[in-house]
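Participant: What shape does this take:
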Amino acid sequence: MGSPLVRAAFAALVGATIAVFFVTQQLKGEFPLVLRFAVAPKAISPNGDGVRDGAIVGFDLSEPATVSFSVVDSEGSDVRRLVDDRRLAGDTKHRFFWNGRDDAGRRVPDGIYRLRLVRRDEGRVINSFKELRVDTRPPRVELSSARPGVIAPGDPGRHPRVAIRYRGLRNGAPEFRIFRTDDGSPRVVARFRGNDKRMGLWRGHIRGHPAVDGDYAFTVTIRDGAGNRGVAPAEIPTAELALPGTGVSVRHLTLLGPVGVLRAGSPAVLEVGPYPRGFEFALSRLGSKRIVKRGSRFGGRFRVRVPPRARTGVYLLRVRARRRRAVWPLAVEGRPQARGPRPLVVLPVVSWEGLNRFDDDLDGFAETLQDSRSVRLERPFARGRPPPLYDSQATPLLRFLDREKLPFDLTTDVSLDRGEHPSLARAPGAALAGSARWLTPTSLRGLQRYVKDGGRLASFGADALRRSVRLNAGVLRDPTAARPENALGERTRLLRASPAPLAVERDRIGLFDERFVGEFSIFERSMALPPGARRLAAAGRDPGQPAFVVYRLGRGLVLRVGTPQWSAALPEGAVAGVTRHIWSLLQRG
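Facilitator: From the prediction side, this is the model:
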């Protein structure tokens, strides 16, 4: 049987095994004090937003006991004592609310926490295996697309279904909000719930009615398992945060036409949008009710030939499709309005389009040269009408010239940039028909040369010739900030004040028939003339602060009316009289 030493070792091993067996059986026979620990929910975000800011934690005791109960961190250290040496009943559930804060009231760091129960009279410590996660980081979410990006809800046969998609955690019912962005500050106009496919569906209605023309941006809100809220692109969307293709433009009828000058007898190519349809059109000259051409078409692109005998001026091409209307101004060079030298009127189309609130990239926000690095030159006017500069400045000036039978040629700043007829160099004088806020470097240099070589330039507007923008491949790019001096070297500053007339201070060329002219509330004060310039006439709101100025610059002459409200005041006698004198100066060349 082997040596006595081996037999003794074998006997000791058998004895130890039997002892362990009896101890184990005894332990198995003891009824556990804690039947189970409870945690609900298993993740919280104690950030004070009212969603999963805390958890219900607790335990079930098998018998009455005096215990302490704590939440402990991943290192096993107590962070919050919820029960401190209290005698609790057995055979029952004990539940407590933990708000994610420690004993000092501070929010605990993000991490994993467990529960611990201590029965001090027996020296028993029972730790839970269940984990409670504290997480206060918002989930990442990003709007990815909204398609289609242009809709016309309410039109016959138009039943849009815009799918707004996002990247991020899948939620059962993500919240989408719709913001109207083109009518003041962005504001919520509707909200709806999406589905668990990271998508929401909008049918183009607001409070049960088809959405009106405008630009609409979206936000999406999701929550993670801890209750953290993630919003994209932000609580209130902005153009800086919006991604292309994540917004929608409602456009029931759009019209796009040429931005250069047309010769009488040539065709104008236009396009009706945003979808092909039947429509009627009518062509008339600005200031006249007579229709010179009318017809109907079906589709998108169409041509209208300008009558060969058309007089020079702006012609309005009006389109009607059911209850919708749109208009496009056509600059036409045709028969002279009257005999005599014809100053060249330049329409500031670049500025019209630069201020046109139209969403090029469908991000839910209109792009203008005031807030974007680029805009398309040829794009429909928002809501079917040219921007306010056209109605308030160019239209009244052109109506006045027609009414007074004053001769003029007509072009646009786009045609100037392209070198198209009629030529600036051949004009006895030139007039900017409104505030030319942006001009291309080519146009600015052309105007500088024109004045330097003896030309006479009148500016009917304000804040002009101070900014440039590049025109490349049909896109206006990289607009500059306003310079202190305009392209001719004059330093000006806009002033808004209570209404007052322009008081004449100097008149060496016989422009003014009266001591006071008009009544205005916006003035462009002349702070300093270009070097070497000689002032010939001046009028201003306050003594010594002229806004209306005429000065000799080199061999040329510059006339600046000093307020963007000048043309709108043309029915007023004194303003009309000064404008007639300005035109006489421009005709002399």
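Participant: only C-alpha atoms for contact and neighbour calcs from this point on.
Facilitator: Noted.
Participant: May I have the distance across stretch 179-196, first residue to last?
Facilitator: End-to-end distance of stretch 179-196 (Cα to Cα, to the nearest Å): 22 Å.
Participant: and if you look at stretch 264-275?
Facilitator: First residue to last in stretch 264-275 (Cα to Cα) measures 29 Å.
Participant: chain center to that stretch, what's the gap?
Facilitator: Chain-centre distance of stretch 264-275: 29 Å, with Cα atoms, centre = their mean, to the nearest Å.
Participant: and if you look at stretch 38-51?
Facilitator: 37 Å.
Participant: Could you do stretch 499-512 as well?
Facilitator: What separates the centre of stretch 499-512 from the centre of its chain is 42 Å, taken as Cα atoms, centre = their mean.
Participant: Name the residues of it that are buried.
Facilitator: Within stretch 499-512, the residues scored as buried using 16 or more other Cα atoms under 10 Å are 500-507, 511-512.
Participant: is it possible to export those residues to a markdown table including pLDDT, secondary structure and distance to Gly446?
Facilitator: Shown next, in a markdown table, are the buried residues of stretch 499-512 (pLDDT from 0 to 100; DSSP: H, G, I helix; E, B strand; the rest coil; distance: Cα to Cα, whole Å):
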| residue | pLDDT | secondary structure | distance to Gly446 |
| --- | --- | --- | --- |
| Ala500 | 97 | strand | 35 |
| Pro501 | 97 | strand | 33 |
| Leu502 | 97 | strand | 31 |
| Ala503 | 97 | strand | 33 |
| Val504 | 97 | strand | 31 |
| Glu505 | 96 | strand | 31 |
| Arg506 | 96 | strand | 30 |
| Asp507 | 97 | strand | 28 |
| Leu511 | 96 | coil | 27 |
| Phe512 | 97 | coil | 30 |
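Participant: Quickly name whichever of the residues you listed is closest to Ser443.
Facilitator: Of all the buried residues of stretch 499-512, Ser443 sits closest to Leu511, with 28.0 Å by Cα to Cα.
Participant: how about the nearest residue to Ser144, chain neighbours excluded?
Facilitator: Of all residues not flanking Ser144 in the chain, Tyr166 sits nearest, at 4.9 Å (Cα to Cα, 6 or more residues apart in numbering).
Participant: Kindly apply the preceding question to Arg541 instead.
Facilitator: Distances taken as Cα to Cα, 6+ apart place Leu502 nearest to Arg541, at 5.0 Å, with adjacent residues excluded.
Participant: Switch the buried residues of stretch 499-512 over to CSV; also include distance to Gly474.
Facilitator: Listed next are the buried residues of stretch 499-512 as CSV, based on distance: Cα to Cα, whole Å:
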residue, distance to Gly474
Ala500, 42
Pro501, 42
Leu502, 41
Ala503, 44
Val504, 44
Glu505, 45
Arg506, 45
Asp507, 44
Leu511, 41
Phe512, 43
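Participant: Tell me what the residue nearest to Arg541 is bridged to.
Facilitator: Assessed by DSSP bridges, Leu502 has beta-bridge partners Val517.
Participant: can you give me the helices in the protein?
Facilitator: 4-29, 349-354, 388-389, 395-403, 413-418, 441-452, 573-588 (DSSP state H).
Participant: State the distance from Glu505 to Ala538.
Facilitator: Taking Cα to Cα, one finds Glu505 at 6 Å from Ala538.
Participant: How about Leu585?
Facilitator: 15 Å.
Participant: about what we covered before: contacting residues around the residue nearest to Ser144?
Facilitator: Counting by Cα atoms under 8 Å, 6 or more residues apart in numbering, Tyr166 touches 141-145, 198-199, 220.
Participant: most centrally placed residue in the chain?
Facilitator: Phe365 (3.1 Å; Cα atoms, centre = their mean).
Participant: quick one: that one and Ser372 touch, right?
Facilitator: No: in this structure, Phe365 is not within contact of Ser372 by Cα atoms under 8 Å, at 10.5 Å.
Participant: hey, which helix or strand in this structure has the poorest pLDDT?
Facilitator: In the chain, no helix or strand scores lower on mean pLDDT, DSSP states H and E than helix 4-29, which sits at a mean of 43.
Participant: mind giving me the domain split of this structure?
Facilitator: Domain assignment for the chain by automatic domain parsing gives 34-134, 141-250, 253-335, 336-588.
Participant: any idea how far the last one is from the chain center?
Facilitator: Okay, so that is domain 336-588. With Cα atoms, centre = their mean, you get 28 Å for domain 336-588.
Participant: now swap in stretch 72-90 and tell me
Facilitator: How far stretch 72-90 lies from its chain's middle: 54 Å, per Cα atoms, centre = their mean.
Participant: Give me the mean pLDDT for it.
Facilitator: Average pLDDT, stretch 72-90: 95.
Participant: can you check stretch 535-553 too?
Facilitator: 97.
Participant: Compute the first-to-last residue distance for it.
Facilitator: 9 Å.
Participant: And the contacts of that stretch?
Facilitator: Here stretch 535-553 makes contact (Cα under 8 Å, 6+ apart) with 451-452, 500-509, 511, 523-527, 530, 532-534, 557-563.
Participant: number of nearby residues for Pro308?
Facilitator: Residues lying near Pro308 (other Cα atoms under 10 Å) number 12.
Participant: Now it: phi and psi?
Facilitator: Note on Pro308: its backbone torsions stand at phi -60, psi -30 [degrees, to the nearest 10].
Participant: Spit out the contact partners of it.
Facilitator: Applying Cα under 8 Å, 6+ apart, the residues contacting Pro308 are 264-266, 334.
Participant: Likewise for Arg177?
Facilitator: 188-192, 218-220.
Participant: mind checking pLDDT for it?
Facilitator: Value listed for Arg177 in the pLDDT field: 98.
Participant: and the gap between it and Tyr450?
Facilitator: Relative to Tyr450, and taking Cα to Cα, Arg177 is found at 54 Å.
Participant: for Gly154, same thing?
Facilitator: Distance from Gly154 to Tyr450, by Cα to Cα: 52 Å.
Participant: more neighbours, those two?
Facilitator: Shown here are Gly154 and Tyr450; by other Cα under 10 Å, Tyr450 has more neighbours (22 against 16).
Participant: can you pull the contacts of that one?
Facilitator: Counting by Cα under 8 Å, 6+ apart, Tyr450 touches 424-425, 456, 556.
Participant: re earlier: quick one: buried ones out of the contacts of Arg177?
Facilitator: Neighbour-count burial (16+ other Cα under 10 Å) applied to the contacts of Arg177 gives 188, 191, 218-220.
Participant: Most widely separated two among those residues?
Facilitator: Using Cα to Cα, the buried ones among the contacts of Arg177 reach their maximum pairwise distance at Val188 and Val220, which is 12.5 Å.
Participant: okay, now the closest residue in space to Gly287 that isn't next to it in sequence: neighbour count?
Facilitator: Spatial nearest neighbour of Gly287, chain neighbours left out: Arg399 (6.0 Å); criterion: Cα to Cα, 6+ apart. Residue crowding around Arg399 was assessed by other Cα under 10 Å; the count is 18.
Participant: ok, Arg399 to Ala242 distance?
Facilitator: Applying Cα to Cα, the value for Arg399 to Ala242 is 42 Å.
Participant: can you check Gly334 too?
Facilitator: With Cα to Cα as the criterion, Gly334 and Ala242 are 46 Å apart.
Participant: ditto for Leu424
Facilitator: The gap separating Leu424 from Ala242 is 42 Å, by Cα to Cα.
Participant: likewise Ala394?
Facilitator: According to Cα to Cα, Ala394 and Ala242 sit 34 Å apart.
Participant: Quickly name whichever of the contacts of Arg177 is closest to Val134.
Facilitator: Taking the contacts of Arg177 together and measuring to Val134 by Cα to Cα, the closest member is Val220, at 24.0 Å.
Participant: give me the number of residues near the residue nearest to Arg187 when sequence neighbours are not counted?
Facilitator: Nearest residue to Arg187, sequence neighbours excluded (Cα to Cα, 6+ apart): Phe179, at 5.1 Å. Using other Cα under 10 Å, the number of residues around Phe179 comes to 22.
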